[in-house]
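Chemist: following is a predicted model, sequence given first.
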Amino acid sequence: MSHPQAPHSAKLRCCICSEPISALWQRQQAASEFPHCQSFDCSRFIEQRRNLPVNLFRAQLESVSAQYRERKAAQLEREEKIRARVEAEEQENQQLLNALLKTRPGLAEQDIHRTVIPSGRKRIAPVTPQRMENYRAHLQKIVAAAENFVSAAEIVEDQNLHYAADSHRNNNCFQRSSALQSVSDRLCTMCRGACCSSGGDHAYLSPLILRRILDSNPKLSGDDIVAWYTSSVTAETIEGSCINQTATGCSLPRKLRSDTCNAYYCDAILNYHRDSNEAGEARNVFAIQREATFAGTIDPDTPNGVLATALVTEGGVERFREESG
Ligand code: SF4
Ligand code: SF4
Ligand SMILES: [Zn+2]
């Protein structure tokens, strides 16, 4: 087997993986019959040269470098597929918006924020007595822990403390613009809480949150607070998601939710907030729902068709297309 590149070429490549050899390392490798890069795998492979007859080593090198070339070709093909799909989805998203604009002479493209939102679970199921019991037991445990403190200000360690600042920021933002909150809530309802599936039977509630509720409702006992929370659970919820996630969004009033819940927004919503803040008003949204919001993050062969589209405004949600199932 000959050298993959002339020994003194400025682009000397590894005889095993075909990656370029770094400039510093090239000087040491230029005179070698088997120039190789410094990766762990290639260095380990080249070690075999010491113990094998040269013909056998060459045969193994041929086979291993062919495997590397095939892997590289497959990777390039995959990257190209991803790039093509990202572009195709972007075009399809724009075509869907264009189709809407054609039917609405009153709407201008610059008045619309176009976004792709995720898709949460769909199946609805009755809340089992066991789930309800788990939730109640969690609430009783954390309300008892909350009652060990005189006020929320005393709590310096809590899973929700980390999210308190972001939760506060979102709250302020919504107080300035109730339209922004309405549109955001509608988008989350359309999504059916893709980010809520880990909420399980605890809903990220912790002693800090319950202590705050006790602080602002001094006439209520711990049992009253537990009953307040459990009464917010609906008979049917989204299967496999948080106990408070329903077909029409989170059933827990925002003021009872954890900071984790009130702080978190996915990129689609955060971009919408940014765009609206820059515009100085809550913008109307053309929402396209797909399984994955960005095709670049999933396998290029996994389907990611449009599941639904809607115009979401402060006034309501107008759905145009929804796949069944
Ligand atoms: S924040 Fe994003 S992922 Fe979570 S419910 Fe809202 S739209 Fe869905
Ligand atoms: S309480 Fe509401 S916002 Fe929080 S995880 Fe559950 S469904 Fe989502
Ligand atoms: Zn290499």
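Modeler: In hand now; what should we look at? Residues are numbered from 1 along each chain as shown. Ligands and ions are numbered 1, 2, ... in the order given.
Chemist: ranges for the helices of this protein?
Modeler: With DSSP state H applied, the chain shows helices at 23-29, 40-47, 54-103, 129-146, 164-176, 178-191, 207-216, 222-231, 259-263, 267-279, listed in chain order.
Chemist: so which bits of the stretch 151-300 of the chain are right by ligand 3?
Modeler: Proximity of the stretch 151-300 of the chain to ligand 3, by Cβ under 5 Å from the ion, involves no residues. No exception for glycine: its C-beta is placed from N, CA and C like everyone else's.
Chemist: how about low-confidence regions in this structure?
Modeler: 1-10, 322-325 (pLDDT under 70).
Chemist: find the centremost residue of it, please.
Modeler: residue 266 (6.2 Å; Cα atoms, centre = their mean).
Chemist: now render the helices of the chain as JSON lines, adding mean neighbour count and distance to residue 12.
Modeler: JSON lines is the format used below for the helices of the chain (neighbours: other Cβ atoms under 10 Å; distance: least, Cβ to Cβ, whole Å):
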{"stretch": "helix 23-29", "mean neighbour count": "13", "distance to residue 12": "5"}
{"stretch": "helix 40-47", "mean neighbour count": "14", "distance to residue 12": "13"}
{"stretch": "helix 54-103", "mean neighbour count": "13", "distance to residue 12": "15"}
{"stretch": "helix 129-146", "mean neighbour count": "16", "distance to residue 12": "62"}
{"stretch": "helix 164-176", "mean neighbour count": "15", "distance to residue 12": "50"}
{"stretch": "helix 178-191", "mean neighbour count": "20", "distance to residue 12": "51"}
{"stretch": "helix 207-216", "mean neighbour count": "21", "distance to residue 12": "60"}
{"stretch": "helix 222-231", "mean neighbour count": "16", "distance to residue 12": "67"}
{"stretch": "helix 259-263", "mean neighbour count": "23", "distance to residue 12": "51"}
{"stretch": "helix 267-279", "mean neighbour count": "16", "distance to residue 12": "42"}
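Chemist: what parts of the protein come near ligand 1?
Modeler: Residues of the chain lying close to ligand 1 (Cβ under 6 Å from any ligand atom) are 117-118, 187-188, 191, 193-195, 265-266, 268-269.
Chemist: which of those residues sit farthest apart?
Modeler: 193 and 268 (13.3 Å; Cβ to Cβ).
Chemist: roughly how far does residue 321 sit from residue 201?
Modeler: Relative to residue 201, residue 321 is positioned 34 Å away (criterion: Cβ to Cβ, to the nearest Å).
Chemist: between the two, tell me which one has more neighbours.
Modeler: residue 201 (20 against 13; other Cβ atoms under 10 Å).
Chemist: could you measure from the more buried one over to ligand 1?
Modeler: The gap separating residue 201 from ligand 1 is 19 Å, by Cβ to the nearest ligand atom, to the nearest Å.
Chemist: phi first, then psi, for that residue.
Modeler: phi -110, psi 30 (degrees, to the nearest 10).
Chemist: so it makes contact with residue 135?
Modeler: Yes - assessed by Cβ atoms under 8 Å, residue 201 is found in contact with residue 135 at 4.6 Å.
Chemist: now the common contact residues for these two.
Modeler: residue 243 (Cβ atoms under 8 Å, 6 or more residues apart in numbering).
Chemist: surely residue 144 meets residue 222?
Modeler: Yes - using Cβ under 8 Å, residue 144 is in contact with residue 222, at 6.8 Å.
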